[in-house]
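In: next input, structure requested:
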Amino acid sequence: MPVYWPDKNKTPNIQLEVSGLAQGPLLIVILLVAIAFIIWSTAKVRLNPFLALIITAYGIGLSAGMPLPDIAKTINEGFGGLMTSIGLVIVAGTIIGVFLEKSGAAITMAETILNLVGRKRPAAAMSIIGYIVSIPVFCDSGFVILSSLNRALARSSGVSIAALAIALSTGLYATHVLVPPTPGPLAAAGNLGVSNLGLVIMVGMLVAVPPAVAGYLWARRFSNLPVSLAGDEELSYEAVKQQYGKLPGAFKSFAPIVVPIILIALNSVANFPSKPFGAGSLKAALNFLGTPVTALFIGVALCFLLVPRINQEIINEWIGKALKDAAVILIITGAGGSLGKMLAATPITKYLGESLAQYHLGIFLPFVIAAALKTAQGSSTVALVTTSAIIAPLLPAMGLTSEIARVLVVMAIGAGAMVVSHANDSYFWVVSQFSGLDVPTAYRTQTIGTLIQGLVVIVTVAVLAAFLV
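Out: Residues are numbered from 1 along each chain as shown. A predicted model of the protein is given here:
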């Protein structure tokens, strides 16, 4: 296989046939070393994932023999290309999440669902609440916001806090890794070149149901598990509600999430071959309003209805916090784009794709890679970004090039990014500490629960792929 390598006299772009250098199985070694470095540097050294991904991209380019000027160019193009497609969407989604948290809208949403489901079924209510809240809000933030409600329900219902905590955590987790605009699946869709974000959202919400149900059923096993609630009087639910003052109404609270999802879905429907909305001005309007960035910024505009008045605290602190949070997500996502671009520009992915094609792993390959990354380094978002960057160039060789196939690959990666939440995952500690679970109990409940969820998702995806791909 011809490999590009700059000669020692610095003659540019000379193509050499280099025997034994970055050819054949050695290409697999380069990729495995790259993955091992990402795991080691993020899990053991605690290197920021942005730096780990960028360093890896450089390392792959050098090891594969890419001309030196092309390495920097490829990294820049990968970073910028992904930011062009999803950068503003991530910013808008993060702003919505902060508004729901700071305004108390998440509390209103929780109470609304609780009233619909009934206070006699608190575990089911918490699972549904988690499923909805985690679409725009990070699962750890959502759990912190709703932990007081969880404790209040545990006292009033007599159901163990362990059961309610796992019902909530698994409900949050289901949509966190599968449904945009949560940054992880959004970045994965961008890396994989999915053009129809509405399809990702709709499929993600469908695929997220089985793991949410599985998490709820798992949580019910611990309904009578004794867990102390001592010393949490200061965290009473009523006291938390009072901190927000007057809570926004249900319609206003759900609107920033529901309206963008409806608009994006209508955009997808408008582009069906049957043209249900015709080909005129209505279709054009839906295409504009349903563009993800436009739909999400409409959601941002609706967020301002959650507060009685707009003041400097909202402008400077709330939006400022959202922009800071988004910045961290953006640079990690962009670095993942750089890694993916680098892999696509080298012979590694072509060789790997041809090698793996004979084993017919199909949709299970992204699941295995994501699960390995998630379990080793702890972050679901990093697992989603990194795995999608690795898998994207392999899709043609795997026969997964259609739009629905790419969407299902996003779901398979999300399944792997669930497996498993344990001690190296910040979410594990949020769930255990805010629920009074000791470490062995947290492993028994949270860790095993996320393993079950991941397996349920990949089975669901495999079944869908059998019929749709």
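
In: tell me which element residue 419 is part of?
Out: Assigned by DSSP states H and E, residue 419 belongs to neither a helix nor a strand.

In: quick check: next helix or strand after the helix or strand containing residue 88?
Out: Assigned by DSSP H and E, residue 88 belongs to helix 68-103. Heading C-terminal from helix 68-103, the first helix or strand you meet, by DSSP H and E, is helix 105-117.

In: circling back to that earlier point, give me the mean pLDDT for the helix holding residue 88.
Out: The average pLDDT within helix 68-103 is 86.

In: what is it packed up against?
Out: helix 49-64, helix 105-117, helix 139-157, helix 183-191, helix 250-270, helix 292-303, helix 319-345 (3 or more C-beta pairs under 8 Å, 6 or more residues apart in numbering; DSSP states H and E). Every residue, glycine included, has its C-beta placed from N, CA and C.

In: can you list the buried residues in the last one?
Out: Which is helix 319-345. Using 16 or more other C-beta atoms under 10 Å as the test for burial, helix 319-345 gives 319, 322, 325-326, 329-345.

In: cool, and the fourth one?
Out: Judged by neighbour count (16+ other C-beta under 10 Å), helix 183-191 contains these buried residues: 183-191.

In: just for the stretch 251-400 of the chain, where's the confidence low?
Out: Along the stretch 251-400 of the chain, segments meeting pLDDT under 70 span 349-350, 352-359.

In: same thing but 80
Out: Low-confidence segments of the stretch 251-400 of the chain (pLDDT under 80): 268, 271-274, 313, 315, 333, 344, 348-361, 376-378.

In: for the residue most central in space within the chain, give me its contacts.
Out: Of all residues in the chain, the one closest to the mean position by C-alpha atoms, centre = their mean is residue 184, 2.5 Å from it. Going by C-beta atoms under 8 Å, 6 or more residues apart in numbering, residue 184 touches 176-177, 380-381, 383-385, 414, 417.

In: before we move on, back to that, residue 221: which of the helices and strands packed on helix 68-103 is closest?
Out: Minimum separation from residue 221 across the helices and strands packed on helix 68-103 (C-beta to C-beta) falls at helix 139-157, 15.9 Å.

In: would JSON lines of the helices and strands packed on helix 68-103 with distance to residue 430 be doable?
Out: Formatted as JSON lines, the helices and strands packed on helix 68-103 follow (distance: least, C-beta to C-beta, whole Å):
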{"stretch": "helix 49-64", "distance to residue 430": "19"}
{"stretch": "helix 105-117", "distance to residue 430": "15"}
{"stretch": "helix 139-157", "distance to residue 430": "5"}
{"stretch": "helix 183-191", "distance to residue 430": "16"}
{"stretch": "helix 250-270", "distance to residue 430": "22"}
{"stretch": "helix 292-303", "distance to residue 430": "24"}
{"stretch": "helix 319-345", "distance to residue 430": "16"}
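
In: for residue 123, which of those is the nearest?
Out: Comparing the helices and strands packed on helix 68-103 by C-beta to C-beta, helix 139-157 comes nearest, at 8.8 Å.

In: just checking, what packs against the closest one?
Out: Partner elements for helix 139-157 (3+ C-beta pairs under 8 Å, 6+ apart): helix 68-103, helix 105-117, helix 122-133, helix 161-176, helix 237-244, helix 426-435.

In: and the ones you listed, which is most packed in?
Out: Highest mean neighbour count of the helices and strands packed on helix 139-157: helix 161-176, a mean of 31 (counted as mean count of other C-beta atoms under 10 Å).

In: quick one: that one to helix 122-133, angle?
Out: Here helix 161-176 runs at an angle of 30 degrees relative to helix 122-133 (axes from the mean of the first three to the mean of the last three C-alpha atoms, to 10 degrees).

In: centre of the chain to helix 161-176, how far?
Out: Computed by C-alpha atoms, centre = their mean, to the nearest Å, the chain-centroid distance of helix 161-176 equals 16 Å.
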